[in-house]
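Engineer: I'll drop the sequence and a predicted model, then ask my questions.
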Amino acid sequence: MNKSTRAALPRLAIAAFAAILLSGCSAGGGGGLSAGLVARMDQPGASLNRAEALGIVNHYRSSVGSTALAADAGLDAAAQRLAADYASSGTAPRRPDGAVAMRVSAGYATFAETFSGWRNSPADAQVLTGRGATRAGLGVAYNANSTYGVYWVLILEN
């Protein structure tokens, strides 16, 4: 085994673990993912486990060599407000001033499904793993009378 192969092994192991963990996201039933990632948000009173959601984003980031994002309560609150506005208006919000990036999604009932959609979109995946952000906030809102039901907002800041 040469030196470059040995150096690549830890990254390959992380990538393989991430692939196994994330493969369940698009399989429908959650594939053994934690309850927080497959909890349905399409019901009144549903509560997102933000720590688990950010954990899967950070695990994905580590698989490509990006540093972990820190949870930020202020960004969570801002993302939650934007998600609520999105759910009531049906219009995707604009990126807040100061944000490095923002991702939105609508129609996915669980964070695992939402994350899988972002991960499988080259443009979204690039944003998720971008190195310009150090903090994140996540919001989700449900509106039974809307077109898509569940609306997601992820804000990334430095």
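Structural biologist: On my side now, so go ahead. Numbers count the residues shown, from 1 in each chain.

Engineer: can you show me the helices along this protein?
Structural biologist: Applying DSSP state H to the chain gives helices spanning 3-23, 35-38, 50-63, 73-89, 111-120, 122-128.

Engineer: quick check: mean pLDDT across the third one?
Structural biologist: When the per-residue pLDDT values of helix 50-63 are averaged, the result is 96.

Engineer: and that helix, which residues are buried?
Structural biologist: 50, 52-58, 60-63 (16 or more other C-beta atoms under 10 Å). (Glycine included, C-beta is placed from N, CA and C.)

Engineer: of the helices of the chain, which stretch is the most buried?
Structural biologist: The highest mean neighbour count among those, using mean count of other C-beta atoms under 10 Å, belongs to helix 111-120: a mean of 22.

Engineer: what's it packed up against?
Structural biologist: Here helix 111-120 touches helix 3-23, helix 35-38, helix 50-63, strand 101-106, helix 122-128, strand 150-157, going by 3 or more C-beta pairs under 8 Å, 6 or more residues apart in numbering; DSSP states H and E.

Engineer: one more time with 7 Å, if that's ok
Structural biologist: helix 35-38, helix 50-63, strand 101-106, helix 122-128 (3 or more C-beta pairs under 7 Å, 6 or more residues apart in numbering; DSSP states H and E).

Engineer: that one vs strand 101-106, what angle?
Structural biologist: 120 degrees (axes from the mean of the first three to the mean of the last three C-alpha atoms, to 10 degrees).

Engineer: indicate which one of the helices and strands packed on helix 111-120 is closest to E157.
Structural biologist: strand 101-106 (8.7 Å; C-beta to C-beta).

Engineer: just send the helices of the chain back as JSON lines, with distance to Y142 too.
Structural biologist: Formatted as JSON lines, the entries for the helices of the chain read as follows, by distance: least, C-beta to C-beta, whole Å:
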{"stretch": "helix 3-23", "distance to Y142": "24"}
{"stretch": "helix 35-38", "distance to Y142": "16"}
{"stretch": "helix 50-63", "distance to Y142": "15"}
{"stretch": "helix 73-89", "distance to Y142": "7"}
{"stretch": "helix 111-120", "distance to Y142": "13"}
{"stretch": "helix 122-128", "distance to Y142": "22"}
